Every structure is written in C-alpha cells, then in structure tokens.
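Asker: after the sequence you'll find the predicted model.
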Amino acid sequence: MQERGKKTPYIIGLTGGIGSGKSTISSMFEELGAEIVDADKISHSIVRKNTPLHKEIVKHFGPDILDEKEELNRPLLRNIIFNDSKEKAWLEALMHPAIKNTISGIIKESQNPYIILSVPLLLESENYDFVDRVLVIDVPESLQLERIGKRDNISTELAQSIIKSQMNRSERNKRADDIIVNDAPIEEIRELVKQLHVKYQQAT
Ligand code: ATP
C-alpha cells in the first residue's frame, strides 16, 4: 500500500547506443544522490540460479543451457534467440513481465523525487510507456567506435555491425526530451549532469 502523501517519483528513462556512456553517466547521477534502476542488472538478477525464471528456462531449453556453475550460459542463450525468433519471443514473454514487476516494485517503494531508469533498448521497446521523460546519451559514431574498441577489445567491423543493428542516432535523438552529447571530457559532462539533477529534482 502506498504511504499517504507519498509522491510517485518522476521516471527518467536513460538510453543511448552501445558504448555511448550510459553507465558512466548513470554513476554521475548516483554520486549526486539520485536513485538508479538498471534494467540490464534486473534482467540478470531475475534469472540467477534458484530463481523461478531460471527453473523455467532450464525446463524449456534443457540443462545444456547451463554453464559449469549452473548459471545460464548467456552467450549460448543469446545465440539461440538471435537465430530463432520463436525462442526469442518465448524468452521475452517470460522476462518482460518479471522485469516490469520488479521495476514497479522499486518505484512504489522509492522515497526519491526522481529515478534514473537505464534501459539500452528503451525506445525500441513497448514496455516502458510509464517513463515520464527520455534522456538520450548521444555520441558521434567515430568516438563510439573508438571507445568500445578500447573497452571491449573488439574489431571495428563487429562494433560497426552492433551499432547498425541499433536505432540510428537521429531517430533516437528525435525522441529525446533531453540529450547529453558525450563527446567532452568527463568533468564537463559531470557539470551537465549536475544541471539535469537540479532540474529533475524539481520535476513533477
Ligand atoms: P554499453 O552500451 O556497452 O552498456 P555504456 O553506454 O554504458 O555501454 P560506458 O561503458 O559508460 O557506455 O562508456 C563506454 C566507454 O567510454 C567506457 O570505457 C567509458 O569509460 C568511456 N567514456 C564514457 N564517457 C566518456 C567521456 N566523456 N570521456 C572519455 N571516455 C568516456
């Protein structure tokens, strides 16, 4: 039950392409005291060993889907659903309600004026219609390639193909309420984050 007088926090959906700086910028908001909800982390935690969803997935795909620690073999699972749209739909139908429930629970319990909800595919998905405002982390493609190349040690070709598979930059930016262009030194970006933090604290 909601406490009397408790206001629902304002929900800021934070998104951006691979390696745009979502984690870096979420951490800056967190350092200022903002509450961060990371959809990726939630989607990992709800399928850990001994969870009901873990059991469902093993029942569906068989024990070969597990690694030596009996956790899900994520690369294998990713590969299966990448090549089989029916399996992808099955997994999404299982995961999305659970992710949404977990997020709703966190929002209900929150005492904060706003929440940063970090979702890589926020704008591609229909599951986040409750988001009040969209913050896009934008980065020029050349810089994006350079940063993911350095961080993940992957080839430019692979990085390029991942970027191509995601929503294109102009489409994403068109749907933003706020944009941080993450092409400046960290300290400059931190200043922009501070300004948004002040604005979001006052949002209703
Ligand atoms: P993913 O989509 O893979 O989850 P992400 O959007 O969370 O990535 P980060 O991991 O935050 O992106 O950033 C990608 C890389 O770029 C990291 O190595 C990070 O340290 C670096 N980076 C982010 N912002 C800046 C910046 N303003 N200046 C220099 N390096 C940066």
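Answerer: Received it, and whenever you're ready, just let me know what you need.

Asker: make it CA atoms for all contacts and neighbour counts henceforth
Answerer: Will do.

Asker: spit out the contact partners of the residue nearest the centre of the chain.
Answerer: In the chain, the centroid-proximal residue (C-alpha atoms, centre = their mean) is residue 119; its distance is 2.3 Å. Residue 119 makes contacts with 13-15, 38-40, as judged by C-alpha atoms under 8 Å, 6 or more residues apart in numbering.

Asker: can you tell me how far it sits from residue 150?
Answerer: Residue 119 sits 23 Å away from residue 150, going by C-alpha to C-alpha, to the nearest Å.

Asker: hmm, back to that, in CSV, list the contacts of residue 119 along with neighbour count and distance to the ligand.
Answerer: Shown next, in CSV, are those (neighbours: other C-alpha atoms under 10 Å; distance: C-alpha to the nearest ligand atom, whole Å):
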residue, neighbour count, distance to the ligand
13, 24, 13
14, 30, 10
15, 26, 8
38, 18, 10
39, 19, 11
40, 13, 9
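
Asker: grab the longest helix from this protein for me.
Answerer: The single longest helix within the chain, with elements called by DSSP state H, is helix 85-109.

Asker: buried residues, that one. List them.
Answerer: Of the residues in helix 85-109, 87-88, 91, 98-100, 103, 107 count as buried by neighbour count, 16 or more other C-alpha atoms under 10 Å.

Asker: repeat that for stretch 75-84.
Answerer: So stretch 75-84, judged by 16+ other C-alpha under 10 Å, has buried residues 77, 81.

Asker: cool, stretch 21-28 as well?
Answerer: Buried, per 16+ other C-alpha under 10 Å, within stretch 21-28: 21-22, 25-28.

Asker: who touches it?
Answerer: 14-16, 36, 116, 118, 137, 182, 189-190, 193.
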